[in-house]
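Enquirer: show me the folded form of this:
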Amino acid sequence: MIALDDIDVQSQVEIALDEDLGAGDRTAELIPVDAVSRVKVITREDAVICGVAWFDEVFRQLDEGIVLKWHCADGDKVAAGDLLCELHGNTRALLSGERSALNYLQVLSGTATLARRYADVVAGTGVRILDTRKTLPGLRLQQKYAVTCGGCDNHRIGLFDAILIKENHIKAAGSVGAAVRKALEIAPDIEVEVEVESLLELDEALAAGARRVLLDNFTLEGLREAVSRVNGAARLEASGGVNLSTVRAIAETGVDDISVGALTKDVVALDLSMQFIGD
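Expert: Numbers count the residues shown, from 1 in each chain. Here you go, the predicted model:
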């Protein structure tokens, strides 16, 4: 599970500010250099908040004299119209940091909010909702952290920390069984998972020693049969055709995990407003 301590927030914000400011904020030069303002950030919709550390770091890097007061924290539920935070400090710095700070807060809160919806739908089933590697480029760790803030779980972080044998790997290796046996041989100390597309391939994976299997685009009946056939001998993950309308029924088949690419791939940024309210 990705935690905030696992992420280099400072370096990520440095990249974001360099991307946005470049040689400097030319529009902010319209404002007197010593002007001071008060600002508030509100949400226009119900949400789960995520991204406070990135928001804070943007303004810390621009002007350490800016004072921030938060009325919520990562993982908190908020309602449309709620005041999220207040800022006070140099007007130029507040204006220069506005977009970068909001980008983080909006995208990560959007991710956390969608994760919470999925978590709520399957509540009580015991299933884990997992993210995937279908993240926005450059935002892998940030989005996976946001998923946990929304109450879901992380799958592997990248290609380096676990083996997931998929269709093309199987074709290249020759068979499901051959791929699983080779993976267990070369990587005995990390998790190995194999994707199967039929009950026949499931049987082959189990015979080869697989202890975690991804059931790709199985019907509900097929998922139930797989759960019965495995009977606890391997951890089963369902994938494919998963959305908020179908996920509960999939969870009730008895699978252990359900992976949802939409958690990070189809994220809709939270609708926030940063308003200047005087000095």
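
Enquirer: for the stretch 101-250 of the chain, just list every one of the strands.
Expert: Secondary structure of the stretch 101-250 of the chain (DSSP state E, counting those that start in this stretch): strands at 128-130, 163-165, 192-196, 212-216, 235-239.

Enquirer: so which of those is nearest residue 247?
Expert: Evaluated over those, closeness to residue 247 peaks at strand 128-130, with 7.4 Å, by C-beta to C-beta. Quick note: C-beta positions are derived from backbone N, CA and C, even for glycine.

Enquirer: could you list the residues in contact with the closest one?
Expert: With C-beta atoms under 8 Å, 6 or more residues apart in numbering as the test, strand 128-130 has contacts from 115, 118-119, 122, 152-155, 237, 247, 256-260, 263.

Enquirer: pipe the strands of the stretch 101-250 of the chain into a markdown table and attach distance to residue 174 per row.
Expert: What follows is those, written out as a markdown table (distance: least, C-beta to C-beta, whole Å):
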| stretch | distance to residue 174 |
| --- | --- |
| strand 128-130 | 28 |
| strand 163-165 | 12 |
| strand 192-196 | 13 |
| strand 212-216 | 18 |
| strand 235-239 | 23 |
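
Enquirer: for those strands, which one sits closest to residue 84?
Expert: Comparing the strands of the stretch 101-250 of the chain by C-beta to C-beta, strand 128-130 comes nearest, at 25.5 Å.

Enquirer: can you put the strands of the stretch 101-250 of the chain in TSV and add mean neighbour count and distance to residue 111?
Expert: Output for these, formatted as TSV (neighbours: other C-beta atoms under 10 Å; distance: least, C-beta to C-beta, whole Å):
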stretch	mean neighbour count	distance to residue 111
strand 128-130	21	13
strand 163-165	21	21
strand 192-196	24	23
strand 212-216	23	22
strand 235-239	23	19
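
Enquirer: JSON lines for the ones you listed, including distance to residue 229 and mean pLDDT?
Expert: Below are the strands of the stretch 101-250 of the chain laid out as JSON lines (distance: least, C-beta to C-beta, whole Å; pLDDT from 0 to 100):
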{"stretch": "strand 128-130", "distance to residue 229": "21", "mean pLDDT": "98"}
{"stretch": "strand 163-165", "distance to residue 229": "19", "mean pLDDT": "97"}
{"stretch": "strand 192-196", "distance to residue 229": "12", "mean pLDDT": "98"}
{"stretch": "strand 212-216", "distance to residue 229": "11", "mean pLDDT": "98"}
{"stretch": "strand 235-239", "distance to residue 229": "10", "mean pLDDT": "98"}
